[in-house]
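> I'd like to go over a predicted model; first the sequence, then the structure.
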Amino acid sequence: MPDNSFTIKAVDSSCADLVPDIFRSIYGDDFPVQYVYDGSLVLAEIASGHLSAAIALDQNNHAVGYVAIYNNAPNQKLWEGGNLLVVPGCGVDDLGWHLLQYFLLSENQPASGSDGSFTESVCHHYFTQLGCAKSGFSDCALMLDQMSAASFKEHVPQTSRVACLMQFFEQSDPQGICYLPERYFDFLQSLANHLRPRTLQTGSAPLPAEGVTAYSDSWFSDAGMWRVSVSAVGSDWDAFLNNLLQLASQRNVTSLQVVVSTALPCCGTAVELMRRNGFFLGGLFPRWFGSDGIMMQRVMGKQPDFSGIKLYSSNARELLKYIQADMIQTMQREGL
């Protein structure tokens with residue numbers, strides 16, 4: 001019988017050069033984050049404090065899997081779990097499950113602390129969704145058409161674009177008031193009910209009479225995805241949205257996502273203006289800014305690939321139904 005034993009260890013200088021081979025076994029050279037193809041750059045990301053990574057080695061010290069958490073949110077204590085990879089044909093049973101559990105163990109958490117962990121689980125198969133659901137993660141947002149199917153060499157999707165489900169595991173208590181748009185209040189409250197207790201209020205204050213919108217962003221040109229995180233809304237909000245849509249078109253963005261902080265009393269007013277510009281609900285981004293975020297989205301230049309979306313949980317399926325209905329209502333209202 002084959003020996004299915006393996007070891008999972010933190011990536012260090014002794015094994016970093018094996019990481020690119022794991023990614024190439026699944027994505028070829030097409031993974032949108034390019035530092036994973038250079039072991040020295042992986043080590044630099046770890047040294048910066050923005051990445052924690054672990055590698056799985058079989059009994060012959062061959063690399064058979066990889067998992068990482070990394071910080072790419074405005075909240076430096078929020079960690080994304082991702083890049084859970086198992087080398088095709090490696091013959092190691094249940095490795096994916098063990099990799100998924102690795103960073104949920106307290107001894108493997110970053111020294112800087114954690115408000116929570118989330119994954120952006122692909123929706124053309126169930127594995128990560130199922131594993132996260134069984135590990136206590138909550139389904140909070142659905143990002144339509146986020147990834148290009150060309151990125152996948154294993155489990156190739158049947159559609160051109162792949163949706164991703166945000167699943168979240170909260171690890172500290174939220175502070176402050178969470179302002180929600182009146183239009184979405186009941187639905188977002190139902191999502192928040194699966195998290196730690198929050199103080200929820202309607203955010204219907206007017207837009208500020210002065211000030212400039214403050215944001216950070218992540219643009220993945222190869223994937224056609226652009227995420228903009230808005231921590232402050234200014235009097236320029238209408239012009240900001242117009243410029244955003246123009247630049248998204250110039251960049252050939254397919255998945256445009258805007259996350260607005262729920263610490264802003266005017267967040268509901270800001271969201272209504274977004275709907276007039278064709279945005280529809282994506283869901284809740286818990287602890288994205290320390291406070292939560294409301295994600296609004298647009299799929300640019302095409303209709304979303306709904307037919308290829310596979311969702312494991314009933315909560316995720318209800319989320320999809322709500323998003324579809326909101327998209328249709330928004331498109332009909334604005335004649336888009």
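Thanks, I have it. Worth saying up front: this structure is predicted, and the values here are computed from it rather than measured.

> Look up the closest residue to Phe285, ignoring the ones flanking it.
Gly293 (3.7 Å; Cβ to Cβ, 6 or more residues apart in numbering). (Each C-beta comes from the backbone N, C-alpha and C, glycine too.)

> residues near that neighbour, how many?
27 (other Cβ atoms under 10 Å).

> okay but it is in contact with Val259, surely?
Yes. Counting by Cβ atoms under 8 Å, Gly293 touches Val259, with 3.9 Å between them.

> ok so Pro197 is a helix residue?
No. Applying DSSP: H, G, I helix; E, B strand; the rest coil, one finds Pro197 to be coil, outside a helix.

> Now for it: which residues touch it?
With contact set as Cβ atoms under 8 Å, 6 or more residues apart in numbering, Pro197 has these partners: Asp173.

> From Gln297, how far out is it?
Applying Cβ to Cβ, to the nearest Å, the value for Pro197 to Gln297 is 27 Å.

> Then Thr202?
The spacing between Thr202 and Gln297, counted by Cβ to Cβ, is 22 Å.

> Which other helices and strands does the helix or strand hosting Arg24 contact?
Element membership of Arg24 [criterion: DSSP states H and E] is helix 19-27. When contacts are defined as 3 or more Cβ pairs under 8 Å, 6 or more residues apart in numbering; DSSP states H and E, helix 19-27 packs onto helix 39-48, strand 51-58, strand 63-70, strand 78-86.

> can you list these in TSV and add distance to Gly116 and mean pLDDT?
Listed next are the helices and strands packed on helix 19-27 as TSV, based on distance: least, Cβ to Cβ, whole Å; pLDDT from 0 to 100:
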stretch	distance to Gly116	mean pLDDT
helix 39-48	21	95
strand 51-58	15	94
strand 63-70	11	94
strand 78-86	6	89
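
> what's the spacing between the nearest residue to Ser5 once chain neighbours are set aside and Lys302?
Leaving aside its chain neighbours, Ser5 sits nearest to Gln59 (5.1 Å; criterion: Cβ to Cβ, 6+ apart). Distance, Gln59 to Lys302, by Cβ to Cβ: 47 Å.

> more crowded one of those two?
Taking other Cβ under 10 Å, Gln59 and Lys302 do not tie; Gln59 has more neighbours (13 against 10).

> For the spatially most central residue of the chain, which non-adjacent residue is closest in space?
With distances taken as Cα atoms, centre = their mean, the residue of the chain nearest its centroid is Glu120 (4.0 Å). Closest residue in space to Glu120, ignoring its immediate chain neighbours: Cys164 at 4.2 Å, by Cβ to Cβ, 6+ apart.

> No further queries at this time; thank you.
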